[in-house]
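Novice: Next come a sequence and a model predicted from it.
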Amino acid sequence: MSESGGENTVPTPAPSTAHLSPSAAARLIMRRALKASLATLDASTGHPYASLVTIATDVDGTPLFLISTLALHTKNLLSDARASVLFDGTDAAGDPLAGGRVTVMGRAVKTTRPGARERFLTRHEPARGYADFPDFAFYELTVERAHFIGGFGRIVDIAAKDLLIDTSDAGALVAAHDDVVSHMNEDHAAALALYATELAGASGGPWRMTGIDPEGFDIVCDGATCRLPFSKRVTTPDEARQELVRMAGAARAQHPKP
């Protein structure tokens, strides 16, 4: 059984980031990721320790993950919060080193914010089954800087202020985030499928929205992800609704009824 309960779909290829700024390209890779490599410092030896975690991003792009105190990486973080997360955007590229990836560095700290919890669990529905176990906790990586590689010769250091998006003017959208996502998933599944197939070139299936932010929104289906950018920045639920309606119209225009 797949995560969303539908038939398997073919994972969508990673979109080209060559036309984007390094910061925008890095955010795109991060927004599309379902998993990432977490590097911590071994509490007993001091060696770097890399592990695999499921990942989500907060509205501003802050990396979020759910980990257990039984795991070595959590024990390491409780001793030294310094960590980095590698997001791999190369997918099935013939030469992975020619593809995009970004390493985000900072300190991993526990978070009890409901918004962070729902952003993660909406993206990783199976985690609802163990998220409330006493040994599990949500963490966020407080970003200090990032290192983006967009292929050979495109290597850029990115400051935290340039990697994360400013949401200071988007309080209304952040407050309504969960309601907007639930409404789209419960009442507009057909529109989500059209966004995926007609605007993102993905396979059909039961696509779900997992998050929305001023720059766009994210959808998932059976291990595949898509990032749909808005044509303009949105900061309120009404502005988001207008953009979603516009995009649905554009998708339907590309897929007229017979």
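Specialist: The structure has been received and is ready for your questions.
Novice: ok, now which ones touch residue 138?
Specialist: Counting by C-beta atoms under 8 Å, 6 or more residues apart in numbering, residue 138 touches 64-66, 110-112, 116-117, 120, 131. From N, CA and C alone the C-beta is placed, and that goes for glycine too.
Novice: how about the strands of the stretch 51-200 of the chain, start to end?
Specialist: For the stretch 51-200 of the chain, strands defined by DSSP state E, counting those that start in this stretch occupy the ranges 56-57, 63-68, 82-88, 101-110, 136-149, 155-159.
Novice: helices or strands next to the shortest one in the packing?
Specialist: In this structure, strand 56-57 makes packing contacts with strand 63-68, helix 114-123, strand 208-213, judged by 3 or more C-beta pairs under 8 Å, 6 or more residues apart in numbering; DSSP states H and E.
Novice: Assign residue 240 to helix, strand or coil.
Specialist: helix (DSSP: H, G, I helix; E, B strand; the rest coil).
Novice: now do residue 244
Specialist: Assignment for residue 244 (three-state DSSP): helix.
Novice: How much space separates residue 149 from residue 69?
Specialist: 33 Å (C-beta to C-beta, to the nearest Å).
Novice: and these two? which has more neighbours close in?
Specialist: With neighbours defined as other C-beta atoms under 10 Å, residue 149 and residue 69 compare such that residue 149 has more, 21 against 13.
Novice: what about the residue nearest to residue 167 when sequence neighbours are not counted, distance to residue 119?
Specialist: Distance criterion C-beta to C-beta, 6 or more residues apart in numbering; nearest residue to residue 167, sequence neighbours excluded, is residue 60 at 4.9 Å. In this view, residue 60 and residue 119 are 11 Å apart by C-beta to C-beta.
Novice: what's the helix or strand for the residue nearest the centre of the chain?
Specialist: With distances taken as C-alpha atoms, centre = their mean, the residue of the chain nearest its centroid is residue 31 (3.0 Å). For residue 31, the host element (DSSP states H and E) is helix 22-32.
Novice: Pull that helix out as CSV, backbone CA atoms only.
Specialist: Provided in CSV are the C-alpha atoms of helix 22-32 (Å, rounded to 0.1, in the frame of the first residue of the first chain):
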residue,chain,number,x,y,z
PRO,A,22,21.1,29.7,-6.3
SER,A,23,18.8,30.5,-3.4
ALA,A,24,15.6,29.7,-5.3
ALA,A,25,17.2,26.6,-6.7
ALA,A,26,18.2,25.4,-3.2
ARG,A,27,14.7,26.1,-1.9
LEU,A,28,13.1,24.1,-4.8
ILE,A,29,15.3,21.1,-4.0
MET,A,30,14.4,21.4,-0.3
ARG,A,31,10.7,21.8,-0.9
ARG,A,32,10.6,18.7,-3.1
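Novice: Give me the helices and strands touching it, please.
Specialist: strand 82-88, strand 101-110, strand 136-149, strand 155-159, helix 160-163, strand 216-221, strand 224-229.
Novice: list the helices and strands the shortest one packs on?
Specialist: In this case it means helix 160-163. Against helix 160-163 (3+ C-beta pairs under 8 Å, 6+ apart) you get helix 22-32, strand 136-149.
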